[in-house]
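S.K.: 3D model of this:
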Amino acid sequence: MKKLNIFLLGVSLLTMGVLTTSCGKDFLDIKPEHQYPVETYYSSDEAVMKAVEPLYGYAWFNYNYRAMVGMGSARANDGWNPYLNPQFATFQVTGLDSDLANAWKSFYLIVTMSNQLISDINNYCASTVSEEVKDMALGEAYLMRGWAYFYLLRSWGEVPVFEVNDEMLEQPVVPLTKEEDVLKFVIRDARRAVKLLPTGSTSMHATKYSAEGLLAKALLAQSGWNKTTRDEAILAEVIDLCDDIINNGPYALMDDYADLFKYASNNFSMQNSETLLAMHWADPLAGDWGERNANFSDLGWSGSSDVNVWGGIYASVDMIDLYNEDVSDSIRFRATWCSPGVYYDYWDTGNDLVKASDKTVENGYPQASGYVYSKKYCQLKKWVVGTKADCNGHLDMMASPLNTYIQRLADIYLIKAEAVLGNSETTSDAAGLNAINALRKRAKVDEDKLYTSYGFEEIIKERRKEFCMEFSNWYDMVTWYRWQPQYMLNYFNNKQHRAFMINQGDVLYNEDHTISYRTFPNRQSSPWYFYDNTMDPRGCYWNDCMREEDSEKVIMTKAQGYVYDVDALSRAQDGYDPVVLSEANIFMPYPEADVIRNPYFKQAPQNYDFGTDEE
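M.R.: Numbers count the residues shown, from 1 in each chain. As a prediction, the model looks like this:
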């Protein structure tokens, strides 16, 4: 009698274990107490939906835990910490890296679980299971498999594609699939999910519009993937999909950007109107290790919580520069990064508590409680939820109560704006302006700062600010690179400043709300150690003026002729080794275990055999 099983990937595609359904749990153990015959398990709607649930959490765990931060945000230069996955930020990751292997394993776990679910539902569902639930479960499996391959494509490029687990077990050494066919596979899965999923959900499961979100994003990528000109017909379909989601879907932009990252509006509480699709995590106080959002201790920093945390991400030079260009965009910046003297009325760490009798905080609001960030850093605020009291007790040092966004509605607005721009240098198209300005209006930027026209540069800026430290910016950069390689290489190497450390005491928050900083580049040959500020003659060079060493006293301003060129200053230092991006390191190396065992990883990729089922 065949037992219900979903084939999991171990460290490589060739090392598979078995996952079996256990009684009374969402996520399943390798050695469960109970096993169900696959022929009889799918006997009710509840049983089918229970089989789907691991696709929302357990399957993503090894990616979400630590690799996600390095792969999705550090590579995009959203933020930097030389002690937290520096190899991703400096593009020195190797095939032996454990986080790299964990991400690979996690994505293929999603693939294999989805494959098995599709097969079992088609073959073993009893007549007592409703057609609506069968369709919904199949749609979710196609959607999650599509997202897994989309992440794989934008991380590694050419990857193995398979959709039948039994065939993979019989012949686990398979060739790589060409990038264009991986993308075509993603689009096919998304189209299937659109047809199968319902238009609404009361259980935080995916909807038709969730699938349209993946389809729109993948089609936007396909419109320019390895092409010099984007396909206008594909762009038109992207716009139609975005309009359907925005106008007809059960979603709306949250009124307050900061609410997107608070416990009170976490999507499991059904108070979040912007989530199209997310990884759902168990209660930090009740869930097992593989069921929890376990990255809180890496993202939190000393003093940010009353549970033990030891990490912290610091704003990159790029992100501070983007903020300084438009200080009216302060809501998004402050919800993402803490700045010296900034007050958070919704966050109480138990440190620097503001009392009614105290003097007013810098922004002029007298408050009875809250938190004033007093450090001279710009440390991560997004995802740092505060204390147990801020989360109704649902917090642990290795478990955040927040779910992880895969896609939210703001992404759809920017997909539409980019599709409207298409191949033009700039556009003043009303539909595109409405889309891109919707996010700026939500961020409450000054009226005169709304766009009257925009181009590719503005698309990049808005994405970087809207999704900073949401572990997605790098994947969009890869998509742009496959369309505009020279533009993006110039952007990476000449307009971004990677692996620069801004230390405690090196940030000042000015009266005009700009941020002054001085920065020091790491030695890439040894990223664990950065330059000693006291020994570096650049110590008096700040981004906006020259100051006396270890003093805030200004010596020369830009108006007086001061020029700040961080690249030139860095090149003048012995041992400086800049991070340089090229075709050789945009995509990551394959896990070494797969390269050793599968000779196809050293051969040319092949077309995928879609048979007669190509859509």
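S.K.: so how many other residues sit close to the residue nearest to residue 261 when sequence neighbours are not counted?
M.R.: Excluding the flanking residues, the one nearest residue 261 by Cβ to Cβ, 6 or more residues apart in numbering is residue 382, at 5.1 Å. Quick note: C-beta positions are derived from backbone N, CA and C, even for glycine. As a burial measure, residue 382 scores 24 neighbours (other Cβ atoms under 10 Å).
S.K.: gap between residue 382 and residue 420?
M.R.: To residue 420, residue 382 is 28 Å away according to Cβ to Cβ, to the nearest Å.
S.K.: can you check residue 58 too?
M.R.: Applying Cβ to Cβ to residue 58 and residue 420 gives a distance of 38 Å.
S.K.: these two: which has the busier surroundings?
M.R.: Neighbour count, other Cβ under 10 Å: between residue 58 and residue 420, residue 58 has more, with 26 against 22.
S.K.: the more buried one touches residue 293, doesn't it?
M.R.: No. Checked against Cβ atoms under 8 Å, the pair residue 58 and residue 293 is beyond contact range at 11.8 Å.
S.K.: am I right that the residue nearest to residue 261 falls within a helix?
M.R.: No. Per DSSP: H, G, I helix; E, B strand; the rest coil, residue 382 lies outside any helix segment and is coil.
S.K.: so it makes contact with residue 338?
M.R.: No. Residue 382 is beyond contact range of residue 338, at 9.9 Å (criterion: Cβ under 8 Å).
S.K.: which residues of this protein score low on pLDDT?
M.R.: Scanning the chain for pLDDT under 70 picks out 1-36, 267-270, 349-369, 523-538, 614-615.
S.K.: would you point out which residue is most central in it?
M.R.: Central residue of the chain (Cα atoms, centre = their mean): residue 471, 2.0 Å from the mean position.
S.K.: OK, contacts around that residue?
M.R.: Residues near residue 471 by Cβ atoms under 8 Å, 6 or more residues apart in numbering: 68, 69, 71, 72, 73, 404.
S.K.: can you lay out those residues as CSV showing secondary structure?
M.R.: Formatted as CSV, the contacts of residue 471 follow (three-state DSSP):
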residue, secondary structure
68, helix
69, helix
71, helix
72, helix
73, helix
404, strand
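S.K.: tell me the one among those nearest to residue 171.
M.R.: Set against residue 171, the nearest of those by Cβ to Cβ is residue 71 (29.2 Å).
S.K.: isn't residue 404 up against residue 277?
M.R.: No. Look at residue 404 against residue 277 with Cβ under 8 Å: they stay out of range, at 10.1 Å.
S.K.: the two: which is more packed in?
M.R.: A side-by-side neighbour count of residue 404 and residue 277, using other Cβ under 10 Å, places residue 277 first with 24 against 20.
S.K.: buried ones in the strand or helix carrying the more buried one?
M.R.: Taking DSSP states H and E as the criterion, the element that holds residue 277 is strand 275-279. For strand 275-279, a neighbour-count test (16 or more other Cβ atoms under 10 Å) marks 275, 276, 277, 278, 279 as buried.
S.K.: hmm, back to that, farthest-separated two in the contacts of residue 471?
M.R.: Most distant of those, by Cβ to Cβ, are 71 and 404, 13.2 Å apart.
S.K.: for the closest residue to residue 114 other than its chain neighbours, give its distance to residue 165.
M.R.: With sequence-adjacent residues excluded and distances taken as Cβ to Cβ, 6+ apart, residue 114 is closest to residue 145, at 3.8 Å. Using Cβ to Cβ, residue 145 is found at 12 Å from residue 165.
S.K.: overlap in contacts of the two?
M.R.: Residues touching both residue 145 and residue 165 by Cβ under 8 Å, 6+ apart: residue 115.
S.K.: give me the more crowded residue out of these two.
M.R.: residue 145 (27 against 21).
S.K.: enumerate every residue touching that one.
M.R.: Residue 145 sits next to 110, 111, 114, 115, 163, 189 when contact means Cβ under 8 Å, 6+ apart.
S.K.: coming back round to it: among the buried residues of strand 275-279, which one sits closest to residue 155?
M.R.: residue 279 (16.7 Å).
S.K.: roughly how far apart are the residue lying closest to that closest one once chain neighbours are set aside and residue 337?
M.R.: When the adjacent residues along the chain are set aside, residue 279 lies closest to residue 404, with 4.1 Å between them (Cβ to Cβ, 6+ apart). Noted for residue 404: a distance of 19 Å to residue 337, by Cβ to Cβ.
S.K.: with residue 157 instead?
M.R.: Using Cβ to Cβ, we find residue 157 at a distance of 32 Å from residue 337.
S.K.: what do you get for residue 114?
M.R.: As judged by Cβ to Cβ, residue 114 and residue 337 stand 36 Å apart.
S.K.: now swap in residue 405 and tell me
M.R.: From residue 405 to residue 337 the distance is 18 Å (Cβ to Cβ).
S.K.: who has more neighbours out of the two?
M.R.: Taking other Cβ under 10 Å, residue 405 and residue 337 do not tie; residue 337 has more neighbours (28 against 22).
S.K.: quick one: residues contacting that one.
M.R.: Residue 337 makes contact with 79, 315, 319, 378, 379, 380, 381, 382, 468, according to Cβ under 8 Å, 6+ apart.
S.K.: separation between it and residue 603?
M.R.: As judged by Cβ to Cβ, residue 337 and residue 603 stand 45 Å apart.
S.K.: what do you get for residue 480?
M.R.: Here the criterion is Cβ to Cβ. By it, residue 480 lies 28 Å from residue 603.
S.K.: over to residue 592?
M.R.: Residue 592 sits 17 Å away from residue 603, going by Cβ to Cβ.
S.K.: who has more neighbours, the two?
M.R.: residue 592 (17 against 10).
S.K.: nearest residue to that one other than its sequence neighbours?
M.R.: Leaving aside its sequence neighbours, residue 592 sits nearest to residue 95 (Cβ to Cβ, 6+ apart; 3.7 Å).
S.K.: how about that neighbour, secondary structure?
M.R.: Of the three states, residue 95 takes coil under three-state DSSP.
S.K.: contacting residues for it?
M.R.: Applying Cβ under 8 Å, 6+ apart, we find residue 95 in contact with 589, 590, 591, 592, 595.
S.K.: please report phi then psi for it.
M.R.: Phi and psi for residue 95, reported as degrees, to the nearest 10, are phi -70, psi -10.
S.K.: mind checking the backbone torsions on the residue nearest to residue 251 when sequence neighbours are not counted?
M.R.: Excluding the flanking residues, the one nearest residue 251 by Cβ to Cβ, 6+ apart is residue 409, at 4.7 Å. When read as degrees, to the nearest 10, the backbone of residue 409 gives phi -60, psi -30.
S.K.: I figured residue 409 hits residue 276, correct?
M.R.: Yes. At 6.3 Å, residue 409 counts as touching residue 276 under the criterion of Cβ under 8 Å.
S.K.: which parts of the stretch 351-500 of the chain are strands?
M.R.: Along the stretch 351-500 of the chain, the stretches classed as strands by DSSP state E, counting those that start in this stretch are 371-372, 404-408, 426-427, 454-455, 500-501.
S.K.: how near is residue 473 to residue 318?
M.R.: To residue 318, residue 473 is 11 Å away according to Cβ to Cβ.
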